[in-house]
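Colleague: the amino acid sequence is not available; the structure is as follows:
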């Protein structure tokens, strides 16, 4: 168990459950980061623009797995979405989430 698992709990089981429910994969990195490579079929909304897309995300009526480069911005995004009654989980950084999705 890594330090992040100890602090935040192991999210792998929750991510797998969300995937079974047809979750949306949400990339909250900058446009530049997104253009340099992203998870296939990920929806892109930079963290700074997220508040402008709350209604749009609610209408999708699906759980959301959020990722960024390292997991910090995605953690903020997941918390923000949860506070706005959207079921979201922090998928962490792009590399760790990519390995879970394989």
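Modeller: Structure received. A quick note: this is a predicted structure, and the numbers were derived from the prediction, not measured.
Colleague: quick one: the helices in the chain?
Modeller: 3-8, 12-20, 31-35, 54-60, 72-83, 94-101 (DSSP state H).
Colleague: so for residue 66, which of these sits nearest?
Modeller: Closest to residue 66 of the helices of the chain, according to Cβ to Cβ: helix 72-83, at 4.2 Å. C-betas here are computed from N, CA, C, even on glycine.
Colleague: confidence score at the nearest residue to residue 31 once chain neighbours are set aside?
Modeller: Leaving aside its sequence neighbours, residue 31 sits nearest to residue 46 (Cβ to Cβ, 6 or more residues apart in numbering; 6.5 Å). Note on residue 46: pLDDT of 98.
Colleague: tell me the contacts of residue 46?
Modeller: 28, 29, 30, 31, 34 (Cβ atoms under 8 Å, 6 or more residues apart in numbering).
Colleague: ok, the first one to residue 19 distance?
Modeller: Okay, so that is residue 28. 18 Å (Cβ to Cβ, to the nearest Å).
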